[in-house]
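K.L.:
The following block contains a protein sequence and its predicted model.
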Amino acid sequence: MIINTNPGAAMAARILGESSSALQKSLSRLSSGSKISSPSDDAAGTGVAMKFGAQVNRIQAAKDNVGNAISFSQTQDGFLEKIGNALDRMSELAMLAQDETKTNADRALYHKEYDKLDDFITAIKDKDFNGVSLFSGSAMTVTVASDGTTFGAGAVALTKVGASTDVRTSGVATSASAAAAVTVLRTAISSIANDRAVVGANMARLESESSSLSVLKDNISSARSRIADVDVAQESANFARQQILVQSGTAMLAQANVMPQSALRLIG
């Protein structure tokens, strides 16, 4: 028997310390929901999870960009639809003005509405979306991926409608000008139909890109979760195990500290 050194107590204290540290780490994981409470837990996993997290954020930013581009295209299409309706009415007025049973005074009444509809179309040509022209004729470049990949959306210029074209010049004030207006309006309507097809194609592509980004984001997030997020069921079992080890270690340390006291019986 020895008194100065108690190897049993020292070993029990070391094991208790290890169990206490493991219990604290398990408690930290359960309280934070993170499997990696410290980079030392999984150095490589920390780095990979960080890169995955940054990629997820970039994907979400790209998805936001695509969403704004879709809203931009939807706004374009809404105005194009209104222009199409106005041109339809203008072509109807041009046909009505060719009625030989009407006088030029009657045609002047048709021309008033025709003129106002043309003003309406001209005003739409200058519309913008958050300060960006809707019908500038410049292709819009949209970032559609986390690596910076871009998509060039088809441009819309509205060059064949509005006050600066023959649509206004023709008018319907006379039967002859109304006949000329019909030809011009048919070209303008065809142009708007083409523009709406371009915008529709842009929206279809952008919606596909948005869907792809959502799928990619979900899977990257899942991969990151497997590295960084704690499995609560598994960690709860580990927590209970560490609790038992701490309790038993505490009890054994107490017993180890009592053992040297038996030496007093020999002295006494």
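P.N.:
Arrived safely, thanks for sending. Numbering: from 1, shown residues only.
K.L.:
Now do the contacts for residue 16.
P.N.:
246, 249-250, 252-253 (CB atoms under 8 Å, 6 or more residues apart in numbering). Bear in mind the C-beta positions are built from the backbone N, C-alpha and C, glycine included.
K.L.:
and it, what element?
P.N.:
Here residue 16 is covered by helix 7-32, with elements defined by DSSP states H and E.
K.L.:
For that helix, which residues meet the burial criterion?
P.N.:
Applying a neighbour-count criterion of 16 or more other CB atoms under 10 Å, the buried positions in helix 7-32 are 9, 12-13, 15-16, 19, 22-23, 25-26, 29-30.
K.L.:
of those, closest to residue 149?
P.N.:
residue 29 (37.4 Å; CB to CB).
K.L.:
how near is the residue nearest to that closest one when sequence neighbours are not counted to residue 34?
P.N.:
Distances taken as CB to CB, 6 or more residues apart in numbering place residue 230 nearest to residue 29, at 4.6 Å, with adjacent residues excluded. Distance of residue 230 to residue 34, computed by CB to CB, to the nearest Å: 6 Å.
K.L.:
Name the residue in the two with the higher neighbour count.
P.N.:
The neighbour count for residue 230 versus residue 34, taken as other CB atoms under 10 Å, is higher for residue 230 (21 against 15).
K.L.:
got any ranges where the stretch 1-150 of the chain has weak pLDDT?
P.N.:
Applying pLDDT under 70 to the stretch 1-150 of the chain flags the ranges 1-5.
K.L.:
Spell out, range by range, the strands that occur in it.
P.N.:
Taking DSSP state E, counting those that start in this stretch, the strands of the stretch 1-150 of the chain run over residues 128-129, 132-133, 140-143, 150-153.
K.L.:
Can you list the neighbours in contact with the first one?
P.N.:
Counting by CB under 8 Å, 6+ apart, the neighbours of strand 128-129 from elsewhere in the structure are 71-72, 75, 134.
K.L.:
In contact with the spatially most central residue of the chain, which residues are there?
P.N.:
Central residue of the chain (CA atoms, centre = their mean): residue 63, 2.8 Å from the mean position. Residue 63 sits next to 210, 213-214, 217 when contact means CB under 8 Å, 6+ apart.
K.L.:
List the residues that contact residue 179.
P.N.:
Shown in contact with residue 179 (CB under 8 Å, 6+ apart): 94, 98.
K.L.:
what's the distance between it and residue 99?
P.N.:
12 Å.
K.L.:
Repeat that for residue 86.
P.N.:
Residue 86 is 21 Å from residue 99, by CB to CB.
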